[in-house]
Every structure is written in C-alpha cells, then in structure tokens.
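>>> sequence and computational prediction follow.
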There are 2 protein chains.
Amino acid sequence: MARILKMPLETTTRVAATTAPQDVLAEDAATFDVLRRMREDILCCVLKPDQRLRFGELRQRYDTSVGTLREALSHLVSEGLARTEAGRGFSVAPISLADFLDLSELRVYLETRTLADAIHHGTDAWEAEIVSAYFLLSKLKPPRTDDPVAVKREWAKRHKRFHDSLVATCTSPWSLHFRSELFDQARRYHWLTMIHARSRRPNEHLELRDAVLARDVDLSCRLIEKHIRTTVEQAASEVPGLTMDAGRPGKRRRG
Amino acid sequence: MARILKMPLETTTRVAATTAPQDVLAEDAATFDVLRRMREDILCCVLKPDQRLRFGELRQRYDTSVGTLREALSHLVSEGLARTEAGRGFSVAPISLADFLDLSELRVYLETRTLADAIHHGTDAWEAEIVSAYFLLSKLKPPRTDDPVAVKREWAKRHKRFHDSLVATCTSPWSLHFRSELFDQARRYHWLTMIHARSRRPNEHLELRDAVLARDVDLSCRLIEKHIRTTVEQAASEVPGLTMDAGRPGKRRRG
DNA sequence: TGTAAGCGAATTTTCGAAACTTCCCGAACT
DNA sequence: AGTTCGGGAAGTTTCGAAAATTCGCTTACA
C-alpha cells in the first residue's frame, strides 16, 4: 500500500500556501462578486467570444458602478478571458481551434506535473475529498444538448471540483496557479463541446479516480493526458465554427 | 531532480499568434503607464516585499487617482506581484527561497520549451535581433554592488531584451505568456542577487547566443537550464535573509 | 459616384468625494 | 495587572459625474 504521511489535518486542503500566487482578487465583497459572475458568464458563453462589453449594459446586468466593473474587467484581461484596446473598451476574448490546441498542450504538462506531485504528497483527507467529489459528479449524467442550462452549470461545477481535488496536495504553488488558469480557459471550450455534443464518451473519470487512489502515477498521468487530448479532438470535430483562425472578422467593411 | 519530459514540440502545429493571451493591459495611457512604473518599482525592490501599499502615498508618488491606482494594483495582483486582503488594501507580494525554487523549476520547463520551438521557427530577422540584443547587453558589464541604480536598471532592461529575443519566434502564445510572467517574477530575485553579488560568473550569455544561432537545440536548452539553476544557487547562498519561509514578519510598524 | 471633412451622439476614461470598515489608543471595569 | 468597551482617526471601497475620445452619419466637393 502507499505510504501515508501523517500530517496535521489542517494541511489537508490548503497546501503549503506560503508564497503562493494569489489566484483570486480576495473576497473583496462587491468587486469579487462581480468578477466571479462575469467569469462564469464568459466561461458559459453567455457573454460570447469577441462580444463587445459596453459599460452601459454591464452596469445594468450586474447592478454596479463603472469603477467596480473596470476593476473586474481588468482582472479578466490578465486571466486571458477578456481583451482591451486603448480607447475602445473591453471585449470577450476570442476562441479558436489553434488557441485550444495550444493551451491543451501546456495543460497536458501542468496537469501531469501537478497530479504526480499531488499523488506523491497525498493524505487521507485528500483521498476522501476525491471520493466525495467523484461521488457528486457521478450523480449527474454528463449533460446533453437538450438539458437545461442549470443542469449543465451544476455538472461543470462538480467537474471542476473533481479535477481540483485530484491535485489539491501538489506542493508547487506556481504549477497549481497556472494549471488553474488553463483549466478555466479550457472550460470555455468544454462548454461549447457540451452544447453540441453528439458522441458519448466512456466514464474516464472513474478510471482516473481509481488510478489516482491506487497511487499509480504513470497510469494516472496517461489517463489525464488522454482525457485532455480526447476532449480537444471531440471539440475539433463536433463544434461547428471552431476554426484555426481567430474567428475575428478582421476589418469591418461596409456592405 | 525533476527530470524534464521531452515532449513532441512539433505537435504544436502552426499556431497563428492571433489568439495570444494579452500580456498587457493595453497602452491605456494613464493606467498602463502607472502599471508599468509600479511593476518596475516592485521588480527593483523600490517597493519592498511585504510593504504595505497605501493609497495616500501611491497617489502622491505616481500622481494619479485612486481609481487608476486600483486598476493597476488589481492587475499586479493577478500577475502575482501584489496581494490584497479584503478591507486591508494592497501590499507587495512576499519573497522566499521556496518561492524562487518553485518558480525556477517551472521556468526551466517553459524556457526550454519556448526556446526549442523558437529555434525551430527562427528567421533571419530573429537572428538579427538576437545579435543586436546581445551586442547591447555586452556593452555593459554586469553591475556590481556599488554601481549606481541607473546602471543596474539599464543592464536589467537589456538583459530582459536579450532573453526575450531568444524566444521571439516561439509559436505557442500560452507558453510565451507564462514564460514572460515567470521571467518577471525571477527578476525580483535577480535584482536582489545583483545588489548583494560577491561572486562573478563567466559569460553565459555569449555561450547561449552562439548555441542558439547555431540552432543547437540540445545545447541551448542545457545552457539555459544551467543559467537558471546557477542563478538560484547564487541567490540562495549570497542573498542574506532569503529563507525558506514566506518571510513575513507578522507586524510591521512604521519607523 | 466616390472620397474626405465635419458635426453630434455614444462610449470610455479619469477623477474626487461620500460611505463604509478597520485599526489604534485610552478609559473604565473585573 | 489584565481585559473589555468605546470613540476617533486612518484607510479602503464604492459611486456618479465631468472630461476626453471614438464612432457613425450627414454633407460638401471633385
């Protein structure tokens, strides 16, 4: 059996976060709340790629001031979920197959790296959280095209929690930070895939869970790699309009 | 330790740089200027690690409003150069040896990955820029402790330009993005090392330049890896007070 | 008919002040 | 002596409006 390190319970979920980069703006009440809601709206394509983000509409939608919006938008820009051009305001970051391929390649490295390290430093509490997160995920079937949005959102939430639980004991704050950013980026494409999904996939999460709990580093890494690559292939073949170019109609010409 | 997985870089097909993540907030005039100046001040430890960033002082120093400052600070937080706690405002991100070790490990991967890809896609213009950047760097000797700050800053600027030129033709926008963020993080530690440097190092940049221009991927990667690790070792042994913990001295009273 | 300039509306950017929270210090009480 | 409570100051967060800029439409002209 795998060797279980005895650690104080306190260090279960929070991993040696000594000098970790700060993923989140801090629970700054209003700003943080707006940021979270906007991020979710971009990830779930309520705010569509390349869509212009005017302050007038945003102010109405999120019921807040321009200053607060500006701060949240500024944060989204550094996460790569929004863009800004001097004098032209903000817009949702574009998507493209090239982008998805690129970020997925990096994801393969970061997910395997963090997962291997997490398995190495796994604890009982870590295993328990994985079991719990998988249980919650498995209670919902992967959503289909005609499922209501609320169901899709809940599934996406549990899906994220499961994957986060796998790497929770990784000891590299920077790896976790970048992994998290890329995972969120990928969520946009996952959402599109979910919307248009025709094919069904076998339960890769169960395999992954068992491999991780068995502390099989090689198998776990191979599974997560395959998991990522399969998703890319599925998106490439089943999401209409996901082309190699940025999908941005260069210059608007009249007519 | 931490063996580098040799990945098929070719799989990153021709990625048009169209969908690159936006490193920069955009040349938003005021905000961007303040952001750049603050970042430089943090990198060069004018604003010291863990230092509290009060709006009163900042407003005076950068001659701008709270709103603008807030936006710049918010951006620095997502870059990992600042922190914020609800209701307690902002502060400069702490430093520690653990942090430097962690980010350097990731840097080794990202620098080698981007460098290998850049060499594969190198052009004449790319080579020319490397030659030019190296020339400018070599005109200044690595600064010593007693050199004026302006000299140190200029050297740091040229040093960054040289390293940026090496990877300029890399086709992976996300890899470049994260490489850039980590390079800036490392600059804080480089600055500290420069301040306290006792030992001198051989001219690693010349070796690196020649290996890259010779399109020798393996040698180039080995050299950049050694370059990074040597810097870490030098900082660990020569920078006083750079310990493994977060180095956060609980309470700080102004004096 | 095509091009360029000009004007008005819409939008973004910047700012200073009001509202709110936290922190510090002294006084009263156990 | 130590602890708790309260008042005041310092600092942060949020907001709406003023200033600056861009965009689209109309008009003038070759």
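All right, it came through fine. Residues are numbered from 1 along each chain as shown, chains lettered A, B, ... in the order given.

>>> how many other residues sit next to A:Leu69?
For A:Leu69, the neighbour count with other C-beta atoms under 10 Å in any protein chain shown is 21. (Each C-beta comes from the backbone N, C-alpha and C, glycine too.)

>>> so which helix or strand takes in it?
Using DSSP states H and E, A:Leu69 maps to helix A:66-79.

>>> ok, and does that helix reach over to DNA strand D?
Yes: counting by C-beta under 7 Å from any atom of the strand, DNA strand D has neighbours in helix A:66-79: A:Val66, A:Gly67, A:Thr68, A:Glu71.

>>> so which bits of that helix are buried?
A:Thr68, A:Leu69, A:Arg70, A:Glu71, A:Ala72, A:Leu73, A:Ser74, A:His75, A:Leu76, A:Val77, A:Ser78, A:Glu79 (16 or more other C-beta atoms under 10 Å in any protein chain shown).

>>> near DNA strand C, which of the residues of helix A:66-79 next to DNA strand D show up?
By C-beta under 7 Å from any atom of the strand, the members of those lying near DNA strand C are A:Val66, A:Gly67.

>>> adding pLDDT, write the residues of helix A:66-79 next to DNA strand D out as a markdown table.
Below are the residues of helix A:66-79 next to DNA strand D laid out as a markdown table (pLDDT from 0 to 100):
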| residue | pLDDT |
| --- | --- |
| A:Val66 | 93 |
| A:Gly67 | 91 |
| A:Thr68 | 93 |
| A:Glu71 | 93 |
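
>>> so which of the buried residues of helix A:66-79 comes closest to chain B?
A:Ser78 (3.8 Å; C-beta to the nearest C-beta).

>>> excluding its backbone neighbours, what's nearest that closest one?
The shortest distance from A:Ser78 to any non-neighbouring residue, by C-beta to C-beta, 6 or more residues apart in numbering or on different chains, is to B:Ser78 (3.8 Å).

>>> correct me, but the one you found touches A:Gly80?
No: in this structure, B:Ser78 is not within contact of A:Gly80 by C-beta atoms under 8 Å, at 10.0 Å.

>>> rewinding a little: could you dump the buried residues of helix A:66-79 into a markdown table with distance to A:Arg52 added?
Shown next, in a markdown table, are the buried residues of helix A:66-79 (distance: C-beta to C-beta, whole Å):
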| residue | distance to A:Arg52 |
| --- | --- |
| A:Thr68 | 19 |
| A:Leu69 | 14 |
| A:Arg70 | 15 |
| A:Glu71 | 19 |
| A:Ala72 | 16 |
| A:Leu73 | 12 |
| A:Ser74 | 16 |
| A:His75 | 18 |
| A:Leu76 | 14 |
| A:Val77 | 14 |
| A:Ser78 | 19 |
| A:Glu79 | 19 |
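
>>> closest to DNA strand D among those?
DNA strand D has its nearest neighbour among those in A:Thr68, at 4.1 Å by C-beta to the nearest atom of the strand.

>>> would you confirm that that closest one contacts A:Ala29?
No: if you go by C-beta under 8 Å, A:Thr68 and A:Ala29 don't touch, sitting 9.9 Å apart.

>>> identify the contacts common to those two.
In terms of C-beta atoms under 8 Å, 6 or more residues apart in numbering or on different chains, A:Thr68 and A:Ala29 are not both contacted by any residue.

>>> quick one on the thing from earlier: what distance separates the helix holding A:Leu69 from the centre of its chain?
19 Å (C-alpha atoms, centre = their mean, to the nearest Å).

>>> CA atoms only for that helix, dumped as CSV, please.
What follows is helix A:66-79 as a C-alpha-only set of coordinates in CSV (Å, rounded to 0.1, in the frame of the first residue of the first chain):
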residue,chain,number,x,y,z
VAL,A,66,-18.2,51.6,-13.8
GLY,A,67,-15.2,51.7,-11.4
THR,A,68,-16.1,48.3,-10.0
LEU,A,69,-16.7,46.9,-13.4
ARG,A,70,-13.4,48.3,-14.6
GLU,A,71,-11.5,46.6,-11.9
ALA,A,72,-13.2,43.2,-12.6
LEU,A,73,-12.6,43.6,-16.3
SER,A,74,-9.0,44.5,-15.8
HIS,A,75,-8.6,41.2,-13.8
LEU,A,76,-10.3,39.2,-16.6
VAL,A,77,-7.9,40.6,-19.1
SER,A,78,-4.9,39.3,-17.2
GLU,A,79,-6.6,35.9,-16.9
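
>>> just confirm yes or no for the helix or strand that it is followed by near DNA strand C.
Next along the chain after helix A:66-79, taking DSSP H and E as the criterion, comes strand A:82-85. Yes: applying C-beta under 7 Å from any atom of the strand, one finds strand A:82-85 in contact with DNA strand C at A:Thr84.

>>> adjacent strands (with direction) for strand A:82-85?
Its sheet considered, strand A:82-85 pairs with strand A:89-92 (antiparallel) by DSSP bridges.

>>> return the distance of the strand it pairs with from the chain's centre.
Here strand A:89-92 is found 21 Å from its chain centre; the criterion is C-alpha atoms, centre = their mean.

>>> does that strand reach DNA strand D?
No: Strand A:89-92 lies apart from DNA strand D when judged by C-beta under 7 Å from any atom of the strand; the minimum separation is 8.9 Å.

>>> check whether that strand contacts DNA strand C.
Yes: Strand A:89-92 comes into contact with DNA strand C (C-beta under 7 Å from any atom of the strand), by way of A:Gly89, A:Phe90.

>>> tabulate the CA atom coordinates of that strand in PDB.
Taking C-alpha atoms only, strand A:89-92 is exported to PDB below (Å, rounded to 0.1, in the frame of the first residue of the first chain):
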ATOM      1  CA  GLY A  89     -13.100  49.400 -24.200                       C
ATOM      2  CA  PHE A  90     -13.300  45.700 -23.400                       C
ATOM      3  CA  SER A  91     -14.500  42.600 -25.200                       C
ATOM      4  CA  VAL A  92     -14.700  38.900 -24.600                       C
END
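
>>> name the residues that touch that strand?
Residues contacting strand A:89-92 (C-beta under 8 Å, 6+ apart): A:42, A:47-55, A:73, A:76-77, A:81-84.

>>> pull out the buried residues from that strand.
Residues of strand A:89-92 classed as buried: A:Phe90, A:Ser91, A:Val92 (neighbour count, 16+ other C-beta under 10 Å).
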